[in-house]
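Visitor: sequence first, predicted model second:
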Amino acid sequence: MEEFKQAAKEPIVIVLDNVRSLNNIGSIFRTADAFLMEAIYLCGITAKPPHKDIQKTALGATESVEWKYFETTSAALKELKEQGYKIIIIEQIDNSISLSDFIPEHGTKYAIVFGNEINGIEEGLLPYSDVCVEIFQSGTKHSLNIAVSVGIVVWEFTSKLQS
């Protein structure tokens, strides 16, 4: 565990905006561990460790991945902006760009914001974003489980940063 904590991390913070499912939160911790994310910021109603339902899917990743809790997502984004992070909001809105077209820049720190399972990103957060990115979908639902979305986005980001 200590070796993992000392390992170089991707300069990416995952921000969870009012995520309600404890199982999703645990799965996101595992994804953050798997891809060496810098941290997870848990905001609003997003539950925080320790919690048995988070632990059930995190399988110990709450111990390896740094995390921080904020009462509001806007407070988290303000802090990240002040620290020089580029804010990427994952949401299907006008003027968003496709994840496949987004090219992360080497040497840039990113905060990737994922919204509530039902309502998506809180509308008041859009002014904080440097860019809005969406995952292309062709089905009838036009939404994915948040843990799946995090996995897709993180894999795409890290793949592009390593190439």
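Guide: Looks like it arrived, so ask away.

Visitor: contacts for the helix or strand of the chain with the lowest mean pLDDT next, please.
Guide: Lowest by mean pLDDT, DSSP states H and E among the helices and strands of the chain is helix 2-6, with a mean of 82. For helix 2-6, the surrounding residues in contact (CB atoms under 8 Å, 6 or more residues apart in numbering) are 33, 64. From N, CA and C alone the C-beta is placed, and that goes for glycine too.

Visitor: so for the next helix or strand after that helix, what's the average pLDDT?
Guide: The helix or strand immediately downstream of helix 2-6 is strand 10-17, counting by DSSP states H and E. Strand 10-17 carries an average pLDDT of 97.

Visitor: ok, strand 10-17: who's next to it in the sheet?
Guide: Strand 10-17 has the following strand partners under DSSP bridges: strand 37-43 (parallel), strand 110-114 (parallel).

Visitor: which helix or strand lies directly C-terminal to the last one?
Guide: Pointing back at strand 110-114 there. Note on strand 110-114: by DSSP H and E, the next helix or strand toward the C-terminus is strand 131-134.

Visitor: direction included, what does that following strand pair against?
Guide: strand 86-90 (parallel), strand 97-98 (parallel).

Visitor: include distance to Ser21 and mean pLDDT when you put those into a markdown table, please.
Guide: Shown next, in a markdown table, are these (distance: least, CB to CB, whole Å; pLDDT from 0 to 100):
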| stretch | distance to Ser21 | mean pLDDT |
| --- | --- | --- |
| strand 86-90 | 16 | 98 |
| strand 97-98 | 26 | 97 |
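
Visitor: for Glu38, find the nearest of those.
Guide: Evaluated with CB to CB, the strands paired with strand 131-134 place strand 86-90 nearest to Glu38, the distance being 13.3 Å.

Visitor: picking up where we left off before, out of the strands paired with strand 10-17, nearest to Leu126?
Guide: Leu126 sits nearest to strand 110-114 of all the strands paired with strand 10-17, at 9.9 Å, using CB to CB.
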